[in-house]
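In: Fold the following.
(4 chains)
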There are 2 protein chains.
Amino acid sequence: MPRSASRSVVVDLIAVLAAVTGGEPRVMTVEHGSALPSGPFELAHRSLQHGLRDWVEQRTHHPLGYLEQLYTFADKDRAGAESAARTISISYLGLAREQAAAAGAAEWHGWYEYFPWEDHRDGPPPVIAGTLAPALAAWAESAPSAAERSHRRQRAAISFGLDGATWNEELTLQRYELLYEAGIVAERLRREGREEAAGAGRAMIADHRRILATAIARLRAKIKYRPVVFELMPPTFTLLQLQRCVEAIAGRTLHKQNFRRLMEQQELVEEAGGATTETLGRPAKLFRFRHAVVEERAFAGTKLPLARS
Amino acid sequence: MPRSASRSVVVDLIAVLAAVTGGEPRVMTVEHGSALPSGPFELAHRSLQHGLRDWVEQRTHHPLGYLEQLYTFADKDRAGAESAARTISISYLGLAREQAAAAGAAEWHGWYEYFPWEDHRDGPPPVIAGTLAPALAAWAESAPSAAERSHRRQRAAISFGLDGATWNEELTLQRYELLYEAGIVAERLRREGREEAAGAGRAMIADHRRILATAIARLRAKIKYRPVVFELMPPTFTLLQLQRCVEAIAGRTLHKQNFRRLMEQQELVEEAGGATTETLGRPAKLFRFRHAVVEERAFAGTKLPLARS
DNA sequence: CACCATATGCTCAAACTGAGTATAGACGAT
DNA sequence: ATCGTCTATACTCAGTTTGAGCATATGGTG
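Out: Below you'll find the model as predicted:
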């Protein structure tokens, strides 16, 4: 593998900016919700991270709390027939607070518009049993061999929690890719010049919806072992607001008492004094995030059965 | 952020190929251990992943079990003074089996050569107390303000498990970056034209050691919630061999009985029949990985306190 | 002032985890 | 032949964590 320069490659950045407002997770879009914000890779910036941060903060007029690299997409056929040149897209996931999301002329769209099957907060959404499950079943049956049919059925069942399998909210990307492979989402049909299907969520240009699926999957996984939720919250909040925010992202409901216990025993929050009066019922205490713990503790991932030293 | 093409960008791929042989984790290198294998981004391949896989398999003459994208590095000053053009490096982490690692003319180096402070299998390595801790303390004391001094001390203590803090094996990248910032690793000193320090591990060209640190951190985290160890094992193995492999990667020892229980209750392995005679003492049963479980189960990440539906 | 809605606290059993002790099977030395 | 050593495998147990219920506090509303 000799070292030689490969030119004529276009590099751009794509940002998935997420916020939770009014109990709904939203993503910043352009082109009336059909694309994620993107732009050329600027040579001027010291680092990718800095360039993107500057650009985002300029656009939202608010500091951006959290930013991490998501994935670099470079498959040959990802842009569809639209572009001839090879494009590499480096995507980032950013988290913004409520106020930031509300302000400015930026377009924010609820991310379940694009993935209606991902919101299980009120139980399994009807689109699964009504549209997706039958379409996936048809796709499975259309396989050439019996082995392949069985394999497809199993993949569909595991991804979508069918046939008694339990729903796993972290499989967002696998689910989207399965629907793409099965020809159920519009992006795939569009590629092949066919009619667009209804009921499989709102489409985006190129592979932007796949990038959004990647972001959702990453955030759903991350929220469980790093205290990133707080990047989405206002300075003070009630525990229920915090729980609602996690639920919005995870797309499922949590056990209230256990969620509280978890927050308290991890010492991630402290009372900020005061209480909300806006809500009905007994007023809830206000809390704030203990920034100190992030520094004090190195948030470990999961555990291995360690031996004592 | 108008759409416009940015040319004159060099894109290349860097592979971190890991294997565990003889209880030591190793990484494939070129240039006598001073660089990771890399090459230009080929436009011909259908996808990044495919291109890299072909190249690696050609080189090692063995199928590559696992391959995932690691990170895309694009900071302006990462290549040092050596290169004028802006380079983007897309790095991948691949796992190879023992045989693959042993065969061929490829150079494999133990990764603890580069990170001697990361191997805690025989307790905290002497290099920490002997070299790193004093150097970090000096660096902390050299800070201009008291607040900064205290902050530096805390960072060092948490990263390296000093002052009673517990060692967290997943912080490999943070530790390397801290040592870089403190001017303790050779890469930093080299940049500034100073003498190279001894005892802080073997250096690599450009930012290759940082990329290796990223790979180690990722693998250490991943091994806990995805069954990727098996990609490093031969077809059949004893449970102790499996444990030694995990220990080699994690850089710490595990509790034997609990490790076994974990393996068995997760049904990740099944008896392959037969036993090893090579070892002293009672022969150990041979096991094989149950590939089926990967398909059957969607390996969830960590847990949230879910409510029943 | 009863009632409603939400917040917060308490309890308990099932599951999981860390870690110890005991037994089994092969080999070599006495 | 037997004993000791070494490793593998099995059993046990207490402390902790988790899932989930019930109970009580505290405000507003009719």
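In: what's the helix or strand hosting A:Pro25 in contact with?
Out: A:Pro25 belongs to strand A:24-29 when assigned by DSSP states H and E. Identification of contacts with strand A:24-29 by Cβ atoms under 8 Å, 6 or more residues apart in numbering or on different chains yields A:15-20, A:35-37, A:60, A:96, A:101, A:106-112, A:114, A:212, A:215, A:248-249. The C-beta positions use only the backbone N, C-alpha and C, and glycine is treated the same way.
In: same question for that strand, mean pLDDT?
Out: Over the span of strand A:24-29, the pLDDT mean works out to 92.
In: do stretch A:142-151 as well
Out: Here stretch A:142-151 scores 95 as its mean pLDDT.
In: cool, and stretch A:117-129?
Out: Mean predicted lDDT for stretch A:117-129 stands at 92.
In: end-to-end on that stretch?
Out: Stretch A:117-129 has an end-to-end distance of 10 Å (criterion: Cα to Cα, to the nearest Å).
In: Distance check, the residue lying closest to A:Arg297 once chain neighbours are set aside against DNA strand D.
Out: Excluding the flanking residues, the one nearest A:Arg297 by Cβ to Cβ, 6 or more residues apart in numbering or on different chains is B:Ile158, at 7.7 Å. Here B:Ile158 is placed at a distance of 20 Å from DNA strand D (Cβ to the nearest atom of the strand, to the nearest Å).
In: distance of A:Pro305 from B:Val246?
Out: Distance, A:Pro305 to B:Val246, using Cβ to Cβ, to the nearest Å: 10 Å.
In: tell me, what's touching those two both at once?
Out: Common neighbours of A:Pro305 and B:Val246 (Cβ under 8 Å, 6+ apart) are B:254, B:259.
In: Name the residue in the two with the higher neighbour count.
Out: B:Val246 (21 against 15; other Cβ atoms under 10 Å in any protein chain shown).
In: Would you confirm that the more buried one contacts B:Leu254?
Out: Yes. Contact status for B:Val246 versus B:Leu254: in contact at 6.4 Å, counting by Cβ atoms under 8 Å.
In: Alpha carbons only: can I get the strand holding A:Pro25 in CSV?
Out: This file holds the C-alpha atoms of strand A:24-29, laid out as CSV (Å, rounded to 0.1, in the frame of the first residue of the first chain):
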residue,chain,number,x,y,z
GLU,A,24,-40.2,16.1,22.2
PRO,A,25,-36.8,15.4,20.9
ARG,A,26,-36.0,17.6,18.0
VAL,A,27,-33.3,17.9,15.4
MET,A,28,-32.1,20.9,13.6
THR,A,29,-32.8,20.8,9.9
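In: Could you list every helix and strand that the next helix-or-strand element following that strand packs against?
Out: Sequence-wise, the next helix or strand downstream of strand A:24-29 (DSSP H and E) is strand A:38-40. Identification of packing neighbours for strand A:38-40 by 3 or more Cβ pairs under 8 Å, 6 or more residues apart in numbering or on different chains; DSSP states H and E yields strand A:9-21.
In: do the strand it packs on and chain B meet?
Out: Yes. Against chain B, strand A:9-21 shows contacts by Cβ under 8 Å from any Cβ of the partner chain at A:9-12.
In: what's the spacing between A:Ser34 and DNA strand C?
Out: Counting by Cβ to the nearest atom of the strand - A:Ser34 and DNA strand C are separated by 36 Å.
In: which residues touch that residue?
Out: When contacts are taken as Cβ under 8 Å, 6+ apart, A:Ser34 is in contact with A:203-205, A:208.
In: what about the strands in chain A?
Out: Residue ranges of the strands in chain A, as given by DSSP state E, are A:9-21, A:24-29, A:38-40, A:66-73, A:86-95, A:107-110, A:236-237, A:269-275, A:285-289.
In: ok now the first one, how far from the chain's centre?
Out: Between the mean C-alpha point of strand A:9-21 and the mean C-alpha point of its chain there is a distance of 11 Å (Cα atoms, centre = their mean, to the nearest Å).
In: Give me the angle between it and strand B:66-73.
Out: 90 degrees (axes from the mean of the first three to the mean of the last three Cα atoms, to 10 degrees).
In: Model confidence for the closest residue to A:Thr72 other than its chain neighbours, exactly?
Out: Nearest residue to A:Thr72, sequence neighbours excluded (Cβ to Cβ, 6+ apart): B:Thr72, at 4.4 Å. B:Thr72 is assigned 93 on the pLDDT scale.
In: Equivalent analysis for A:Ala5, please.
Out: 40.
In: What of A:Ala198?
Out: pLDDT, A:Ala198: 61.
In: got it, and A:Leu268?
Out: 87.
In: got the contact list for it?
Out: When contacts are taken as Cβ under 8 Å, 6+ apart, A:Leu268 is in contact with A:227, A:230, A:289-290, A:293.
In: Recalculate using a threshold of 7 Å.
Out: A:227, A:289-290, A:293 (Cβ atoms under 7 Å, 6 or more residues apart in numbering or on different chains).
In: right, and A:Glu118 touches A:Ile249 too?
Out: No. Between A:Glu118 and A:Ile249 there is no contact under Cβ atoms under 7 Å: 10.3 Å.
In: Give the residue from the two that has the larger number of neighbours.
Out: Per other Cβ under 10 Å, whichever of A:Glu118 and A:Ile249 has more neighbours is A:Glu118, with 26 against 22.
In: Which residues of the stretch 101-250 of chain A lie near DNA strand C?
Out: A:238-240 (Cβ under 7 Å from any atom of the strand).
In: Restricted to helices, list the residues you listed.
Out: Those of those mapping onto helices are A:239-240, per DSSP state H.
In: Give me the buried subset of the residues of the stretch 101-250 of chain A next to DNA strand C.
Out: A:238-239 (16 or more other Cβ atoms under 10 Å in any protein chain shown).
In: how many neighbours does the nearest residue to A:His32 once chain neighbours are set aside have?
Out: What sits nearest to A:His32 in space, not counting adjacent residues and going by Cβ to Cβ, 6+ apart, is A:Glu107, at 6.8 Å. If you count neighbours by other Cβ under 10 Å, A:Glu107 ends up with 15.
In: A:Glu107 reaches A:Gly33, doesn't it?
Out: Yes. A:Glu107 lies in contact with A:Gly33 (Cβ under 7 Å); the separation is 6.2 Å.
In: For the stretch 201-309 of chain A, what lies in contact range of DNA strand D?
Out: So the stretch 201-309 of chain A meets DNA strand D at A:255, A:257-258, A:261-262, A:277, A:280-283 (Cβ under 7 Å from any atom of the strand).
In: With that, I have no additional questions.
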